[in-house]
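1. test case, fold it:
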Amino acid sequence: MKVSIINKRGNLIVLTLFLMALSVIPSMKAQTHYSSNVAIGVKGGMDVSQVFFNPSVRQSLKLGMTGGVMVRYVEENHFGLIAELNFVQRGWKENFEGAPYKYQRTLNYLELPVMAHIFFGRRGRFFFNAGPQVGLFLGDKVDADFNPKDMATLPDFPIRNRTNTQMLLDVSQKFDYGISAGLGGEFNLNKRNSLNIEARFYYGLGNIFPSKRADTFSASNQMTVSATIGYWFRIK
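-> So this is what the prediction gives:
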């Protein structure tokens, strides 16, 4: 039931963002002609992530890296489209609440967001990006100072009153999908070059672990907040 509610919320957010983008278009058509342009760029930065588990897992924020290439097409004043191809590190970090153990898992993805780009300003721009995103799981890496298979034999390991199964499971869903939304600013260096900064939130609608009734987790959705710096070069 909870997974169904989460998916319905995700679908509602996607619909809301789509309607917001559509609402901008009529006002743009009433404005004077705007010269379209195409730009390509690169970006890089850091992110913090967790996984929404049900039943819950005690976590702290996990730090990762992100970077990629971008292309932007602007046809109308205040509105355009952006597509990116990024490498991103997600995952989670266990919180053992004072016990002397460490475990975090890094999940590497190749992601493709396609977003509406709504902006205001000329020399400097304030912008809002939002849209769907898909990703391909490339692999993972565990950083731990113990063997999770031996946790039951470790002294003082907090095995009771917490969920530990996630440390023993392999990622079963190689295809990820969700929604992204970000806010930022762009600063023109000259007619063709500009820099931008952006803070973005991603919420995955798919589960990384099996979620059938007999499985441990009914939900294992990824959540990521990233901060990036980008460079744009206008080619048209």
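2. any stretches of the protein with poor pLDDT?
-> 1-34 (pLDDT under 70).
3. what about the most centrally placed residue in it, which helix or strand?
-> In the chain, the centroid-proximal residue (Cα atoms, centre = their mean) is residue 202; its distance is 3.1 Å. Per DSSP states H and E, residue 202 falls inside strand 193-204.
4. which other helices and strands does the longest strand seen in the chain contact?
-> Longest strand in the chain, counting residues (DSSP state E): strand 124-144. Strand 124-144 is packed against helix 2-29, strand 79-94, strand 103-120, strand 175-188, strand 193-204, with contacts defined by 3 or more Cβ pairs under 8 Å, 6 or more residues apart in numbering; DSSP states H and E. The C-beta positions use only the backbone N, C-alpha and C, and glycine is treated the same way.
5. buried set for that strand?
-> 125, 127-133, 135, 137, 140 (16 or more other Cβ atoms under 10 Å).
6. tell me the bridge partners for residue 195.
-> residue 187, residue 231 (DSSP bridges).
7. the chain should start at 39 in everything you say after this.
-> In the new count, where the first residue is 39, that last one comes out as residue 233.
8. how near is it to residue 98?
-> Between residue 233 and residue 98 the computed distance is 32 Å (Cβ to Cβ, to the nearest Å).
9. before we move on, what about residue 219?
-> In terms of Cβ to Cβ, residue 219 sits 24 Å off from residue 98.
10. neighbour-wise, which of the two wins?
-> residue 219 (18 against 13; other Cβ atoms under 10 Å).
11. show me what the nearest residue to that one once chain neighbours are set aside is bridged to.
-> Closest residue to residue 219 apart from its sequence neighbours, by Cβ to Cβ, 6 or more residues apart in numbering: residue 168 at 4.2 Å. When assigned by DSSP bridges, residue 168 has beta-bridge partners residue 154, residue 219.
12. what of the one 4 residues further on?
-> Using DSSP bridges, the beta-bridge partners of residue 172 come out as residue 150, residue 215.
13. before we move on, back to that, widest-spaced pair of the buried residues of strand 162-182?
-> 163 and 178 (37.0 Å; Cβ to Cβ).
14. packing partners of the helix or strand hosting residue 76?
-> Using DSSP H and E, residue 76 sits in strand 75-92. Secondary-structure packing of strand 75-92 (3+ Cβ pairs under 8 Å, 6+ apart): helix 40-67, strand 100-114, strand 117-132, strand 257-272.
15. now do the buried residues in stretch 238-254.
-> 238, 240-247, 249, 254.
16. stretch 113-120 too?
-> In stretch 113-120, the ones that count as buried by 16+ other Cβ under 10 Å are 115-120.
17. please apply the same query to stretch 259-270.
-> 259-262, 264, 266, 268-270.
18. now that stretch, how far from the centre of its chain.
-> 7 Å (Cα atoms, centre = their mean, to the nearest Å).
19. for stretch 159-168, give me every contacting residue.
-> 55, 58-59, 120, 153-158, 217-226, 234, 236, 238 (Cβ atoms under 8 Å, 6 or more residues apart in numbering).
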